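*Asks:* Here is a sequence with its predicted model. Questions after.
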Amino acid sequence: MEMHLTLTMPEMTDLHPTDVQIFTAAKLYEAQKLSLGQAAEAAGLSKRTFAELLGRYGVSLFSQNAEELESDIRNARQLLP
């Protein structure tokens, strides 16, 4: 199912519709409402290109915080011989 949205912005903004589309997809990815693939598709980009652009919109590619990542690394190290 697809959803189509219409957004009315003041004329004085210098935003390009594509920027708004990518920003919206990035923020929905950040909020874990869309997967990386879904967000990339919504933005009209490949997964790789979308992932590379996330930083421009203040969004991390990783959904975990630093503590969660460190815990995952510790757990993974325990599995190594």
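*Replies:* Thanks, I have it.

*Asks:* Just the terminal-to-terminal distance for stretch 6-16.
*Replies:* End-to-end distance of stretch 6-16 (C-alpha to C-alpha, to the nearest Å): 14 Å.

*Asks:* That stretch: how far from the chain's middle?
*Replies:* The chain centre lies 22 Å from the centre of stretch 6-16; the measure is C-alpha atoms, centre = their mean, to the nearest Å.

*Asks:* Quick check: buried residues in that stretch?
*Replies:* Judged by neighbour count (16 or more other C-beta atoms under 10 Å), stretch 6-16 contains no buried residues. Bear in mind the C-beta positions are built from the backbone N, C-alpha and C, glycine included.

*Asks:* just stretch 55-64 next, same as before
*Replies:* Buried-residue list, stretch 55-64, by 16+ other C-beta under 10 Å: V59.

*Asks:* how distant is that stretch from the center of its chain?
*Replies:* For stretch 55-64, the distance to the chain centre is 6 Å (C-alpha atoms, centre = their mean).
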